[in-house]
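Participant: no sequence for this one, just the structure:
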């Protein structure tokens, strides 16, 4: 049985982490640590959890216990740097849901995050935990960089094509749309319902931190063509919808492309290949990533959908823990007495 | 272990029923019956369920098996009349989620539903399954009329006050708001997102079928004052928010009123008394009913919130089954390996 | 031709005021004054207005000109107290869109706003500008307290019944629902789309500042029965939907009640009597108030809908100006070259 | 003064056409023709227009008058074929808002619309009325094919780059998102709020009728590279947001690209170049198209936003009429006594 510490338990991601861990059949104890919320309880912060889970005090993140087996870190980027080195030194399993350990190169990290990385040596040692793409053998390290929400949706859609046909790809571009919860829980006028209801806008065009993260992985699979990544806000609270358009130098048959995806994902617990473009709502409240591939001559259009807070954060984090501990990949994530998704 | 038949499995309510039953620890088999959907499968109708539940064929509702222990009926009103008499004669447990057996009097039924009741004798025999209000001893019959969605929200909020202080109530009125899924799954222009986004409207004013259902129960608890019930559509897919204003003849202290509610609901699995008016989202995706009572001299304002498809339909139906079979009231409805609510 | 000063031009209400005034056929000049926004321009604050209206600098509200004929004040409550006495002394027409001059009694003002009123003498002198209810003769003063958004919707629905049948009213209660823009433009987590999408909640139950404002008017028309007023937030940006339930001591015929409303509103520019409960969207983007009255024996249910930012604020304010200057009541508010409402 | 006939006045587009025409300073009379709605009136079909416009009978579209100067046709594709030849023969100005005359080639028309074109000769004679892109000299014909909603947003964004740098474009792809009103007014389950709230989905991938329309124009401006166009549904009622990613063979400076757009659109009434990606809400309820261009080395990302029912249909149609009659381009479309946009 596993003992878990969650550092940063008061945001949207922390809430789901607490729920998944409190319900996990192989987890025996969960401590939630926070800073400004220390001294309060989960029920106070998330009144919807009353009667659903036993209440949990929020402990002070300045004094975390080192007795846990696994640490999930759900903090703004930059802050994980204060915890990870000490935890990895003690050989703890650390799963960082932020961006501090995703990139392999501290100079690239500085370029995009404007922070000097204080443990650059760990960047090469970490495992990039794209859980549905990599088998157990890939998990060689106890430090997992949990992928960003956009990269998860984008890469699960684009990697099978890349892995098989990288040389044939002339260019690829992703237009990705996210619900507002991706921006976190703090109040801002331009994320208010008054401003976002009925609204859509692109943001960080040609400048989103998830772009180098995606490109790093694409390159690892042989992709060397132009790539562009554009993010937008949707008037929904949760969910990411990513549409990737790939131009191939030469036509590849729909069958061959479909085969590449089926080879990769048949037997997958959480990636569901679809005959039609997914509805975003099919994945909301779940750890699934739904993917559709449409081929028209030398144009391949890939649509993928995830819940940004689950598959794009807490759900994938727990899935990563399952893999490291050789548990069933879907333990605590799928079936249960009342796994009712809203939609 | 229980064998379940679901008659009418292709609507929103049927979908949740299937999910709850397929996940229920005490149910061993589930057959889903449909008419126009017979021959298809659950996964075809609800693509979001793929990988989450094993697929189920939809069987022809013209030939239901009589081998099940429990029958949930999720059909438009009028249609349950074709199934219930035969099933009750065979002593099956029947839980009707429609309106055909809720009223006690066939003339009142005709007045509101414009259908001649063909098994009026069962109206008096049935149990009105307001699961969170009545103890096991109340479940004297194998025919359960599952309460309507609006009556569930309204009565769980208003009955404790009524039971204790009916004589003191001068008048009461409920303004209830529902998401569009309450109108079912069929396509209508005035339920389209194009028309309902950003919209609200009252409907069936002074003429909603749930009004006599509510009044029947109120009278049973001694309420004999004027009562009014007004329904509205909200621009959300799921949820009911009911606000009931009660004018008392004489002032009763806030403490005494609070006590009446605590007496009733302390220890309740699914009714959560709140210090502040509930957020509708606190209950979405769950079987909870959240209730707040605000007292200002001789005015009592009660707000209550439910998920219309769960607490207002399928969740309460399963809860009723649990009560009849002496299972834990929350079996299959609350905790589990991955009971993740969206909000 | 009229010269207008708008004090507080950077909020949602200020934006609409600027639009109405810049388009008004009888207004020749508009100055917009602000505090934190001084030095910027309307186009910077509201990019959607580019090409639609000439840009306007935001002038410093610390140095307003006294050359204007009319002053619209769109400030948080308490702040109008700093401007109104000096302006009224100079005999300017002042239309205050906030709550500082709506109540007649400074003690009641203190009770609800927790501010000592510094010009209590003006409370009795002001005109309560419920523009669609009162004729020109009512506008005896140059200081107009523009009614609150909720009171506008509620009173336009309830006053005709009250005026004619106050003695027969046993009790009345209003459940009113508002879009989030009613809470203003500042960012708060609990008004974010992440939290409010799909959500509804009651707030300030038994404690909303608009309740004494409504009751003050009801009493003026002879209403002396219990009244309750409950406010809720809707997941829409704009609009108020108010449902008022009235219990009468004795039954009054539907015809007589309808007649009371037709007497009042036939010929009205902006109150539209409806055969069915209004859709909120019918009034969004307009200065209309749609009203439906449903009678069932001794129960009268009145539904009314407005755009909270227009009829509930800036539109009614301009309408009040029109009345004072003996212009057409709908000047600048209704028809035009391109009066396209979104819905 | 112009006499107008609107054929097909009961859909969303027809409603806006009627509003624009009834408010247009140069239009003296408007007849609205319909089929299933003949005999009813505009107010019956659109209750929100009461008191705003005088009521109009819907005349039988089987007997249209030939006395009008201009005919707007707002019918499902295929149906304009029954009206256009007779009207053009009588030298009437015909503005078809449907797809029947947009493509230049009847075989391409058949391929995409599966209808045999019965007046193919008119395909070459028509003017493709992309009103904000073409000067008056381009309007050589009395038959205007009003561009599709998606092509309008996409082409206004992409054409300036294409016109100047077509040879340098390696590939381009558009991910376009539309509100549900683009699918028209008929009720379908998958367009209901119950299904679309919180939802997004791609549709007609590699198979949308607007793709050949866009490509036809791109080719006309020298574009011969791969192009892909993917459409999605948004959970909003109105609006289109189009993001086009262009890979250039060689880098062009941001200044040169910006210059190309400014050359084209400085002085434009309705295209607003933006420093940041537009918010969809900036254009809702208006005839504007907001465009932003972001350049990063050899990647150009263009975002453009329109109201699909106005700039993408009725507004552009009236603008086309203005151009043909040498009126001010924005007559009836922009300023007015009360041009209040909702947002």
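Facilitator: Nice, I can see it. Treat the numbers as computed from the prediction; the structure is a model and nothing was measured. Residues are numbered from 1 along each chain as shown, chains lettered A, B, ... in the order given.

Participant: buried set for whichever strand or helix holds residue A:44?
Facilitator: In the assignment (DSSP states H and E), residue A:44 maps to helix A:42-45. Across helix A:42-45, burial judged by 16 or more other CB atoms under 10 Å in any protein chain shown covers A:42-43, A:45. C-beta coordinates here come from the backbone N, C-alpha and C atoms, glycine included.

Participant: is it true that residue A:5 touches residue A:74?
Facilitator: No. Using CB atoms under 8 Å, residue A:5 makes no contact with residue A:74, being 11.1 Å away.

Participant: when these two are compared, which one has more neighbours?
Facilitator: Of the pair residue A:5 and residue A:74, residue A:74 is the one with more neighbours under other CB atoms under 10 Å in any protein chain shown, namely 30 against 27.

Participant: give me the neighbour count for residue A:203.
Facilitator: Around residue A:203 sit 16 other residues, with neighbours defined as other CB under 10 Å.

Participant: give the contact list for it.
Facilitator: A:231-233, D:277 (CB atoms under 8 Å, 6 or more residues apart in numbering or on different chains).

Participant: now intersect the residues you listed with the helices, please.
Facilitator: Using DSSP state H, no member of the contacts of residue A:203 falls within helices.

Participant: which one of those is nearest chain B?
Facilitator: Nearest to chain B out of these is residue A:233 (CB to the nearest CB; 17.1 Å).

Participant: give me the beta-bridge partners of the closest residue to that closest one other than its chain neighbours?
Facilitator: What sits nearest to residue A:233 in space, not counting adjacent residues and going by CB to CB, 6 or more residues apart in numbering or on different chains, is residue A:201, at 5.5 Å. Beta bridges link residue A:201 to residue A:233, residue D:279 when assigned by DSSP bridges.

Participant: which ones are touching residue A:201?
Facilitator: Applying CB under 8 Å, 6+ apart, the residues contacting residue A:201 are A:232-233, D:241, D:277-280.

Participant: mind doing that once more with 10 Å?
Facilitator: A:190, A:195, A:231-234, D:241, D:276-282, D:292, D:303, D:305 (CB atoms under 10 Å, 6 or more residues apart in numbering or on different chains).

Participant: same thing with residue A:64?
Facilitator: A:5-7, A:31, A:33, A:71, A:83, A:86-87.

Participant: ok, of those, which one's closest to chain B?
Facilitator: Among the contacts of residue A:64, residue A:6 lies closest to chain B (CB to the nearest CB), at 15.2 Å.

Participant: so residue A:193 sits against residue C:182, correct?
Facilitator: No. Applying CB atoms under 10 Å, one finds residue A:193 not in contact with residue C:182, separated by 11.4 Å.

Participant: those two: who's more crowded?
Facilitator: Higher neighbour count among residue A:193 and residue C:182: residue A:193, with 28 against 22, using other CB under 10 Å.

Participant: so what's the more buried one up against?
Facilitator: Residue A:193 makes contact with A:180, A:199, A:235, A:237, C:179-181, C:183, C:191-197, C:199, C:233-237, according to CB under 10 Å, 6+ apart.

Participant: is residue A:95 in a helix, a strand, or coil?
Facilitator: When classified by DSSP: H, G, I helix; E, B strand; the rest coil, residue A:95 comes out as strand.

Participant: about what we covered before: export the contacts of residue A:64 to CSV and append columns for distance to chain D.
Facilitator: Listed next are the contacts of residue A:64 as CSV, based on distance: CB to the nearest CB, whole Å:
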residue, distance to chain D
A:5, 33
A:6, 27
A:7, 30
A:31, 33
A:33, 32
A:71, 32
A:83, 34
A:86, 38
A:87, 37
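
Participant: mind checking which of those residues land in helices?
Facilitator: Per DSSP H, the contacts of residue A:64 map to helices at A:86-87.

Participant: looking at the contacts of residue A:64, which has the most residues close by?
Facilitator: Most surrounded of the contacts of residue A:64: other CB under 10 Å gives residue A:6, at 33 neighbours.

Participant: right, and residue A:329 touches residue A:139 too?
Facilitator: No. If you go by CB under 10 Å, residue A:329 and residue A:139 don't touch, sitting 11.5 Å apart.

Participant: mutual contacts of the two, please.
Facilitator: A:131, A:320, A:323.

Participant: residue A:155 sits in which helix or strand?
Facilitator: helix A:149-165.

Participant: how about the residues of chain A near chain C?
Facilitator: Residues of chain A lying near chain C by CB under 10 Å from any CB of the partner chain: A:12, A:179-199, A:233-238, A:309, A:342.

Participant: out of those, list just those in helices.
Facilitator: Those of these lying in helices (DSSP H): A:12, A:193-196.

Participant: how far away from the center of its chain is stretch A:172-182?
Facilitator: A distance of 13 Å separates the centroid of the chain from that of stretch A:172-182, by CA atoms, centre = their mean, to the nearest Å.

Participant: ditto for stretch A:108-119
Facilitator: On CA atoms, centre = their mean, the centre of stretch A:108-119 falls 20 Å from that of its chain.

Participant: buried residues in that stretch?
Facilitator: Buried residues in stretch A:108-119, counted by 16+ other CB under 10 Å: A:108-109, A:112-113, A:117, A:119.

Participant: could you do stretch A:120-138 as well?
Facilitator: Neighbour counts using 16+ other CB under 10 Å place A:122-123, A:126-133 of stretch A:120-138 among the buried residues.

Participant: start and end of it, how far apart?
Facilitator: End-to-end distance of stretch A:120-138 (CA to CA, to the nearest Å): 21 Å.

Participant: just after the helix holding residue A:44, pick out the following helix or strand.
Facilitator: Once the chain leaves helix A:42-45, the next helix or strand it forms, by DSSP H and E, is strand A:58-60.

Participant: and that following strand, which strands flank it?
Facilitator: Partners of strand A:58-60 in its sheet, by DSSP bridges: strand A:27-34 (parallel).

Participant: I'd like the average pLDDT over the partner strand.
Facilitator: Mean pLDDT, strand A:27-34: 96.

Participant: residues contacting the residue lying farthest from the centre of chain A?
Facilitator: Relative to the centre of chain A, and counting by CA atoms, centre = their mean, the farthest-placed residue is residue A:250 at 32.7 Å. Residues near residue A:250 by CB under 10 Å, 6+ apart: A:165, A:168, A:170, A:297-298.

Participant: for residue A:102, same thing?
Facilitator: Neighbour list for residue A:102: A:77, A:96, A:109, A:123, A:126, A:128-129, A:145-148, A:151, A:209-210, A:212-213, A:216-217 [criterion: CB under 10 Å, 6+ apart].
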